[in-house]
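A.B. asks: Can you look at this prediction? I've put the sequence above it.
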Amino acid sequence: MDYIKLGKTDMKVSRIGLGVWQFDEYAWGPMDYERAKSIVARAYELGINFFDTAAVYGRGRSEEFLGRAVRELGLRDRVYIATKIPGDWHRRGDVFKSVENQRRRLGVDAIDLIQLHWPSCWHNVPICETMKALEELVDRGLVRYIGVSNYPPQLLEAGRWCLSKTDIATSQNRYNLLERDADKELLPYLRRNGIALIAWSPLAKGAVTGKYTADNLPAFNDVRRNDPLFQPDNLRTAEPLIAEVKRLAAKYGKTPAQIALNWMIRDPIIYPIPGAKTPEQVAENAGAVGWSLSEADWAALDKISREVSEKISYVTF
Ligand SMILES: NC(=O)c1ccc[n+]([C@@H]2O[C@H](COP(=O)([O-])OP(=O)(O)OC[C@H]3O[C@@H](n4cnc5c(N)ncnc54)[C@H](OP(=O)(O)O)[C@@H]3O)[C@@H](O)[C@H]2O)c1
C-alpha cells in the first residue's frame, strides 16, 4: 500500500480508503456485523487506514458497526475515522448533539475528520453558525479536522471565511469516470487551495466495472434503482467507456475496478473511498494501488471518460 498526506491534515492515509455506507442494509441489502467486521479486518490487513461513514448510514448502524469492529480488532490508534453530520442538523446545538452521539456510536474520544454531509438546504442555518460550532469542537479536542461534502466551491469558500483558527481540510464529492462535473469548477478550486477531494462513488456504484447493463440492473430494493446513472439510457451511453476500461483491464491483467481507481489516483489531490460488500471486493480495490497506467493509456481513458460523462443525464422523467 502507498500512503499520502490527506489535504490540509497531517493524516498519512492509505492511497485509497474504504467507504462503509455498505453497512447500511436499507440502502445496500443484507449486511450483518460479522461480515462488516471481516471487511474492516481485510482492509486493515491490506494497509487501508482511512474509513468513511456518516450518521445517516443505516441511522447510525454503519457508525456502530465500524466503531465496534475497530475496537474489537484493536485498531483505534492505527486508523483514521471520518464521519458526517447531515445537512439537517447544522444548528449550533445540533452540531454538538450529533457529534456527541457519533462519538458514542463510534466509541472514540475524538473523531479524526468530521464532514458536513450536505449544505443546510432546507433550514437556512447561517453557515458561520455551523462552522464556528465545528471550530469549537476542534478546540475542545473532540474533532481533529473539518471537512465538507457536496458543497459547491462558492459555499465552501464562504465556510472557510467563518473559521479563524483552522481551515476546511477536505471536500467529499461525487467523482468517477462517468460523473465528472467536479472537473469544471470544484477541482481547480481545491487544487489551488490544497484541499483534498475525497471522491465518493469512485466506481460509480459498480457501473464503471460493466457488471450492470440496461438488461442486468442491480437488485430491485437496492439504492441504485433510484440512481439516475442506472437508468437504461445512461448505462447504454456508458458502453464506450466501459469497453475501454475492459480493454485496459485485459491489457494490464487487472480488473475493471482496478483500472477505474488507478485512473483516479494519478492525481494527488483526489482520494477515492470505494465501498465494498465483501472482503474480496476490498482486496480487489486495494489492488488498484502500486502500479500505473501508462501516460498514453491514461490519457485515452480520460478522453473517453470526458466525452461520455458529458452525455449522462440526471433527468429521470
Ligand atoms: N458524501 C456523500 O454524499 C456520499 C455519497 C455516496 C457515498 N459516499 C461514500 O463513498 C463511499 C463509496 O461510494 P458508493 O458506495 O456510493 O459507491 P462505489 O464505491 O462507487 O461503489 C460501491 C459498490 O460497487 C460494488 N463494488 C465494490 N467493489 C467492487 C469491485 N472491485 N468490482 C465490482 N464491483 C464492486 C459493490 O456493490 P455490488 O457488489 O452490489 O455491485 C459496492 O457496494 C460510500 O461507502 C460512502 O462512504 C458519500
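C.D. replies: Okay, I see it.
A.B. asks: Lys251: neighbouring residues, count only.
C.D. replies: Residues within reach of Lys251, counting by other Cβ atoms under 10 Å, total 12. (Glycine included, C-beta is placed from N, CA and C.)
A.B. asks: in whichever strand or helix holds it, what counts as buried?
C.D. replies: Using DSSP states H and E, Lys251 falls within helix 239-252. By neighbour count on 16 or more other Cβ atoms under 10 Å, the buried set for helix 239-252 is 241-242, 244-245, 248-249, 252.
A.B. asks: Can you tell me how far Leu187 is from the ligand?
C.D. replies: From Leu187 across to the ligand, the span is 16 Å (Cβ to the nearest ligand atom, to the nearest Å).
A.B. asks: Over to Pro272?
C.D. replies: Taking Cβ to the nearest ligand atom as the measure, Pro272 falls 8 Å from the ligand.
A.B. asks: ok, for that residue, nearest residue in space, not its chain neighbours?
C.D. replies: The spatial neighbour of Pro272 that comes closest, neighbours along the chain excluded (Cβ to Cβ, 6 or more residues apart in numbering), is Pro202 at 3.6 Å.
A.B. asks: show me what contacts the residue in the chain that the ligand sits nearest to?
C.D. replies: Using Cβ to the nearest ligand atom, the closest approach of the chain to the ligand is made by Gly19 at 2.3 Å. Neighbour list for Gly19: 52-53, 200, 273-275 [criterion: Cβ atoms under 8 Å, 6 or more residues apart in numbering].
A.B. asks: taking these one by one, which sit in strands?
C.D. replies: Among the contacts of Gly19, the ones falling in strands (DSSP state E) are 52, 200.
A.B. asks: could you flag which of the contacts of Gly19 are buried?
C.D. replies: Buried members of the contacts of Gly19, counted by 16+ other Cβ under 10 Å: 52-53, 200, 273-275.
A.B. asks: mind listing the strands for the stretch 1-150 of the chain?
C.D. replies: Assigned by DSSP state E, counting those that start in this stretch, the stretch 1-150 of the chain shows strands spanning 3-5, 12-14, 18-19, 50-52, 80-85, 111-116, 143-149.
A.B. asks: Identify the residue nearest the geometric centre of the chain.
C.D. replies: By Cα atoms, centre = their mean, the chain has its centre lying nearest to Trp200, at 3.2 Å.
A.B. asks: Just the C-alphas of the lowest-mean-pLDDT helix or strand in the chain, formatted as PDB.
C.D. replies: When the helices and strands of the chain are scored by mean pLDDT, DSSP states H and E, helix 25-28 comes last with a mean of 93. Provided in PDB are the C-alpha atoms of helix 25-28 (Å, rounded to 0.1, in the frame of the first residue of the first chain):
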ATOM      1  CA  GLU A  25     -28.700  -2.600   4.700                       C
ATOM      2  CA  TYR A  26     -31.600  -0.300   4.000                       C
ATOM      3  CA  ALA A  27     -29.500   1.100   1.100                       C
ATOM      4  CA  TRP A  28     -27.300  -1.800   0.000                       C
END
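A.B. asks: Check which residues of that helix are buried.
C.D. replies: 27-28.
A.B. asks: for stretch 144-162, same thing?
C.D. replies: Judged by neighbour count using 16+ other Cβ under 10 Å, the buried positions of stretch 144-162 are 144-153, 156, 158-160, 162.
A.B. asks: Report the two of those separated the most.
C.D. replies: Farthest apart among these by Cβ to Cβ are Arg144 and Pro152. That separation is 25.1 Å.
A.B. asks: that older thread, please state the offset of the least confident helix or strand of the chain from the chain centre?
C.D. replies: Relative to the centre of its chain, helix 25-28 is centred 17 Å away, using Cα atoms, centre = their mean, to the nearest Å.
A.B. asks: Could I get the buried residue list for stretch 285-304?
C.D. replies: The neighbour-count check on stretch 285-304 (16+ other Cβ under 10 Å) flags 285-289, 293, 297-298, 301, 304 as buried.
A.B. asks: ok, and of those, which contact the ligand?
C.D. replies: Asn285 (Cβ under 6 Å from any ligand atom).
A.B. asks: will you turn the buried residues of stretch 285-304 into a markdown table that also has pLDDT and secondary structure?
C.D. replies: What follows is the buried residues of stretch 285-304, written out as a markdown table (pLDDT from 0 to 100; DSSP: H, G, I helix; E, B strand; the rest coil):
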| residue | pLDDT | secondary structure |
| --- | --- | --- |
| Asn285 | 98 | helix |
| Ala286 | 98 | helix |
| Gly287 | 98 | coil |
| Ala288 | 98 | coil |
| Val289 | 98 | coil |
| Leu293 | 98 | coil |
| Asp297 | 98 | helix |
| Trp298 | 98 | helix |
| Leu301 | 98 | helix |
| Ile304 | 98 | helix |
